[in-house]
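Asker: Show me how the following folds:
(one chain, ligands or ions: 1)
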Amino acid sequence: MHITIDHGQRPIRIVQLTDSHLGEQENATLLGMNTEQSLAYVIDMLVERSEEFDLILATGDIALNGAPEAYRRFQEKLSRFQQPKVWLAGNHDDSSAMRDVIGYGAEMSRTVQLGSWQLILLDSVVAGEVGGHLAQSELNFLRHCLAGHPDRPALIALHHHPMAIGCDWLDEQQVDNADELLAIVHEYDNVKAVCWGHVHQDFYRCHNDVHYMSAPSTCVQFAPNSPEFKLDSALPGVRWLELQPDGHLATEIWRLTGVHLAVNLESTGYQQ
Ligand SMILES: [Fe+2]
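Answerer: Numbering: from 1, shown residues only. Below you'll find the model as predicted:
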């Protein structure tokens, strides 16, 4: 199944939802935070603003440990929205469990036509590893998409970060062959933006007219510019993107406000 969204000259707006870490049970926690509850708050915020986006892009770590129940509940939560959704897997996901739940429907699309733009979803997951890598087949797929639509501005989405973000402990987990991805980005001037999850924080950089950015998690946040593992007290959120027909892009972070979510800010590692 293929998704095409076209509103003529109106920009296409995307909500990037990432790293929800839903457990097998609804009461699962990550570093002291109930991930089901935090996602529910984020979904409520999006319901309030549902006129402001046309697509939901989930950039991985939907589940805490790949439980099918997590994907079922995630899908059910997103069913409150009429907008199309696309999902890609993160290192905490089990892509076959994901596929068992959502089948080969629109959510598994690898490309989406968004007005004059194309969105290309890449798989950066290596089985059993925390860090990311882009297989040759993914790089070939990217080239194929970019060469096939040279006139379409492109947004590339993946789970892992393709550049250092300033947190040493996370930067060890970035896409280990990111130079190959960035070489393709530089080669095809229709690439306008690259977005990812995994880092649980807002990162943005514009380099050679290409926007590079991450999104906050819908649960715990990692502290920016921290050499070692450190949580941040910022509330969960999403990234909003507006793709303009001429290839320009605007973006914002939408965060929860006025809610209390327990989190163990003293945690010194992912498993605690
Ligand atoms: Fe991740």
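Asker: Centroid-nearest residue for the protein?
Answerer: residue 59 (2.6 Å; C-alpha atoms, centre = their mean).
Asker: what sits against the nearest residue to that one once chain neighbours are set aside?
Answerer: Counting by C-beta to C-beta, 6 or more residues apart in numbering, residue 59 lies nearest to residue 197, which is 3.7 Å off, once chain neighbours are set aside. Every residue, glycine included, has its C-beta placed from N, CA and C. Shown in contact with residue 197 (C-beta atoms under 8 Å, 6 or more residues apart in numbering): 16, 18, 19, 59, 60, 61, 90, 159, 214, 215, 217.
Asker: Assess the claim that the residue nearest to the centre of the chain and residue 213 are in contact.
Answerer: No. Checked against C-beta atoms under 8 Å, the pair residue 59 and residue 213 is beyond contact range at 10.9 Å.
Asker: gap between the residue nearest to residue 59 and the ion?
Answerer: 6 Å (C-beta to the ion, to the nearest Å).
Asker: How about residue 2?
Answerer: Per C-beta to the ion, residue 2 is found 27 Å from the ion.
Asker: tell me which parts of the stretch 151-272 of the chain are close to the ion?
Answerer: residue 198 (C-beta under 5 Å from the ion).
Asker: Show me where the stretch 151-272 of the chain dips below the pLDDT cut-off.
Answerer: 271-272 (pLDDT under 70).
Asker: And the residue of it that's closest to the ion?
Answerer: residue 198 (3.8 Å; C-beta to the ion).
Asker: which ones are touching that residue?
Answerer: 18-19, 59-61, 90-91, 132, 159-161, 170, 173, 214 are the contacts of residue 198 under C-beta under 8 Å, 6+ apart.
Asker: okay, those in a markdown table with distance to residue 52 and secondary structure next?
Answerer: Formatted as a markdown table, those follow (distance: C-beta to C-beta, whole Å; DSSP: H, G, I helix; E, B strand; the rest coil):
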| residue | distance to residue 52 | secondary structure |
| --- | --- | --- |
| 18 | 18 | coil |
| 19 | 22 | coil |
| 59 | 19 | strand |
| 60 | 23 | coil |
| 61 | 24 | coil |
| 90 | 25 | coil |
| 91 | 30 | coil |
| 132 | 30 | strand |
| 159 | 25 | coil |
| 160 | 28 | coil |
| 161 | 26 | coil |
| 170 | 30 | helix |
| 173 | 32 | coil |
| 214 | 20 | strand |
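Asker: Which one of the residues you listed is nearest to residue 108?
Answerer: Closest approach between the contacts of residue 198 and residue 108, by C-beta to C-beta: residue 60, at 13.0 Å.
Asker: So which residues of the stretch 151-272 of the chain form strands?
Answerer: With DSSP state E, counting those that start in this stretch, the ranges of strands along the stretch 151-272 of the chain come out as 154-158, 191-196, 204-207, 210-214, 221-222, 231-232, 237-243, 249-255.
Asker: Mean neighbour count and distance to residue 179 for the ones you listed - can I get that in TSV?
Answerer: Below are the strands of the stretch 151-272 of the chain laid out as TSV (neighbours: other C-beta atoms under 10 Å; distance: least, C-beta to C-beta, whole Å):
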stretch	mean neighbour count	distance to residue 179
strand 154-158	25	15
strand 191-196	24	14
strand 204-207	12	14
strand 210-214	21	14
strand 221-222	24	24
strand 231-232	18	29
strand 237-243	23	25
strand 249-255	16	24
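Asker: Quick check: phi and psi at residue 122.
Answerer: With angles defined as degrees, to the nearest 10, residue 122 sits at phi -110, psi 150.
Asker: That one: neighbouring residues, count only.
Answerer: For residue 122, the count of nearby residues is 25 (other C-beta atoms under 10 Å).
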